[in-house]
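Engineer: Here is the input, now give the coordinates:
(chains A and B)
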2 protein chains.
Amino acid sequence: MTETVHIDLGDRSYPIVIAGGSMSLADTFAACPKAAQALIVSNETVAPLYAERLQRALSGRYPQVQVLQLPDGEVHKNWHTLQTIFDALLESGADRKTVLFALGGGVVGDMTGFAAASFMRGVPFVQVPTTLLSQVDSSVGGKTGINHPLGKNMIGAFYQPQLVVCDLDSLDTLPARELSAGLAEVIKYGPIADMAFMDWLEANMDALMARDKQALAHAVRRSCEIKADVVSKDEKEADLRAILNFGHTFGHAIEAGMGYGVWLHGEGVGAGMVMAAELSLRLGLVDWAFVQRLRALIERAGLPVQGAILDAHDNAGRYLQLMRLDKKSQAGAIRFVLIDSPGKAVVREAPDALVREVIDTCCAA
Amino acid sequence: MTETVHIDLGDRSYPIVIAGGSMSLADTFAACPKAAQALIVSNETVAPLYAERLQRALSGRYPQVQVLQLPDGEVHKNWHTLQTIFDALLESGADRKTVLFALGGGVVGDMTGFAAASFMRGVPFVQVPTTLLSQVDSSVGGKTGINHPLGKNMIGAFYQPQLVVCDLDSLDTLPARELSAGLAEVIKYGPIADMAFMDWLEANMDALMARDKQALAHAVRRSCEIKADVVSKDEKEADLRAILNFGHTFGHAIEAGMGYGVWLHGEGVGAGMVMAAELSLRLGLVDWAFVQRLRALIERAGLPVQGAILDAHDNAGRYLQLMRLDKKSQAGAIRFVLIDSPGKAVVREAPDALVREVIDTCCAA
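Structural biologist: Just a heads-up that it's a prediction; the model follows:
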């Protein structure tokens, strides 16, 4: 069974195809732009597992299909690795019609998307996300980019793919820790937008953890639908789209403070959602029962529910310092995504004293 | 007297303000987006002359206005220099509202524009071009980018500024050779689009060479209008926009063949326009009197009207080899921008024998 979610962005609209085995079928790519060549960008972990089947599916459409393997991991999401994509394109005689295929998780997708946005000022690209995280989050919405030594995702572009192919079979080989990290972004959609989905997640968390295909298909589809709905109303992140960063302000501080790669992004978001919920509680927006319910669901997904200690002497100060670098910050004021009431998010500032209290309560070594 | 040209690109429309002294006036920037800080990106040649007056004009609008000096020259139009812009932004706590001001010629404009397109996936930017070339050409149309070791302008974005400020006073300090190089791009607009403008240029070339402000104001305005008209019909360079490259196919071959920087871009375009006109003549499109007329005008602008000898043994062969690398070439066939009839350009191929004849006639050591 194939599920399709349509992302409506006018002349930059595209479909997300969700099905087991979809990347192996030539038909999946029947609407992709024609070109003399295609480049599959993947990494050393994913390419050995899936590059050949994707290459085979594309071979009827593109006379030349090359595969480029990037090193695996967030630490390589930088200019140096991006440059290897440009090198490969120029060395193989790529032109303005060459199509890039991002085969892998969020790091591969973000870098390949930014390479596509920038190469000759823009060539077409297709996302084939192979992790739960990238299927429900980074492949929807057109955010692409790389990290800067002073901040994550600081350099990039809004650039939409032609097509996103979520092959659920690729989740079979996903490490358990990464499955959990992906579930953090799935869980997020409940408290910010759809409490019925949160109910469904509570009823189906065991099935999701057991990688039941039907449950995964629903979770991916509903997550993409909610994100698509938000993104189509606010493509360039003027405001509304910021609610998708629920849990991310605290989470990014943890990721950056621990050194990228120590905590997975989804793990930071897991603990970060608990902290943002605690801050919402202290601002009188939600009650204690809601915070407990969310914490329990996050814990069942195998995720941390406490933040890390980033500084033994002034932990809260370190969090605040890191959070002021957040892209949502304005003139040094941190803008938190909070739960206004269950199922509805709000972006607002909060007194430092309350934020410190939350950090002191919610962190453990 | 202030002239204004409106670039019509829907929600990415922007005005070009043309006037002596405009960058010194706070009023010029009254419609710029507000922000806590602005960053003026310039180079070591232009910043000492103009950064302070621009900084003063912006100081009422932006609480913090910093200046970043890049090294001067095309050779620095690369990732390494771009990175220094990102570093400066992040070190000074820039956010998504921070406005970048490109103060300098085409290299500064291209790099600052790409930095603005990519920083946090897009911040506003304003062009303050200080060379004639950048006032009439590179600041109109939204092309931004950097060079790659394997090709010029290979990495970049289409990204529109909020405003372009052409301060004619900045042309007072422009070296004579660069004034002439800028005039090449001005002259170009006559034969491809507007013979009345060519008549005007013939009547006013002495005034332009003497840097008469009124003459320069008209030349800049009319050039921007013609380019704006072409670009608004073809923002992403599907086809029509290629006519703006009149003289560039031969010109790029000279630049590349001599080694970048030996001939200025505008000098290559000057000789290149004569060669393209000669080719148009040999194809029966224009008459000998038209070619002579164009050659005389180019010469009066202080520009070369003969191509360089790129190879003592097979000069024409070397030109052909270099021109086949042009981005307009398709499947090895060179596509020339030619004059179909005075005031109208056409993009087409030409027999190698005729091209060789033109090169043999038009080149001198």
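
Engineer: all contacts plus neighbour counts: C-alpha atoms, from now on.
Structural biologist: OK.

Engineer: Checking residue A:270 next. Helix, strand or coil?
Structural biologist: Three-state assignment for residue A:270 (DSSP: H, G, I helix; E, B strand; the rest coil): helix.

Engineer: and the gap between residue A:106 and residue B:45?
Structural biologist: 42 Å (CA to CA, to the nearest Å).

Engineer: These two: who's more crowded?
Structural biologist: residue A:106 (25 against 14; other CA atoms under 10 Å in any protein chain shown).

Engineer: Contact partners for that one?
Structural biologist: A:129, A:131, A:133, A:134, A:138, A:139 (CA atoms under 8 Å, 6 or more residues apart in numbering or on different chains).

Engineer: May I ask which of the residues you listed comes out lowest in pLDDT?
Structural biologist: Among these, residue A:139 has the lowest pLDDT, at 71.

Engineer: Show me where the stretch 101-250 of chain A dips below the pLDDT cut-off.
Structural biologist: For the stretch 101-250 of chain A, applying pLDDT under 70 flags the ranges A:234-238.

Engineer: quick one, helices of it?
Structural biologist: A:106-118, A:132-133, A:176-193, A:195-209, A:213-233, A:248-258 (DSSP state H, counting those that start in this stretch).

Engineer: which residues are contacting the fifth one?
Structural biologist: This means helix A:213-233. Under the contact criterion CA under 8 Å, 6+ apart, helix A:213-233 has outside partners A:3-9, A:18-20, A:132, A:135-137, A:140-141, A:168, A:186, A:189, A:193, A:197, A:204, A:207-208, A:237, A:240-241, A:244.

Engineer: Just the buried ones from those residues, in PyMOL syntax?
Structural biologist: Selection command for PyMOL covering only the buried members of the contacts of helix A:213-233, criterion 16 or more other CA atoms under 10 Å in any protein chain shown:
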select buried, chain A and resi 4+5+7+8+9+18+19+20+132+135+136+137+140+141+168+186+189+193+197+204+208+237+240+241+244
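
Engineer: mind listing which of the contacts of helix A:213-233 are in strands?
Structural biologist: A:3, A:4, A:5, A:6, A:7, A:18, A:19 (DSSP state E).

Engineer: Is the third one in contact with residue A:135, as I believe?
Structural biologist: Same thing as residue A:5. No: look at residue A:5 against residue A:135 with CA atoms under 8 Å: they stay out of range, at 11.9 Å.

Engineer: Starting from residue A:179, give me the distance back to residue A:209.
Structural biologist: Distance from residue A:209 to residue A:179, by CA to CA: 8 Å.

Engineer: out of those two, which sits in the busier spot?
Structural biologist: Set side by side, residue A:209 and residue A:179 show more neighbours around residue A:179, with 23 against 17, by other CA under 10 Å.

Engineer: who touches the residue of the stretch 1-150 of chain A found nearest chain B in this structure?
Structural biologist: Residue nearest to chain B within the stretch 1-150 of chain A (CA to the nearest CA): residue A:121, separated by 4.3 Å. Contacts for residue A:121 (CA under 8 Å, 6+ apart) come out as B:145, B:154, B:155, B:156, B:157, B:158.

Engineer: Next, see if stretch A:35-43 gets close to chain B.
Structural biologist: No: Stretch A:35-43 lies apart from chain B when judged by CA under 8 Å from any CA of the partner chain; the minimum separation is 11.0 Å.

Engineer: Give me the distance from that stretch to the chain's centre.
Structural biologist: Remark: stretch A:35-43 is offset 22 Å from the chain centroid, using CA atoms, centre = their mean, to the nearest Å.
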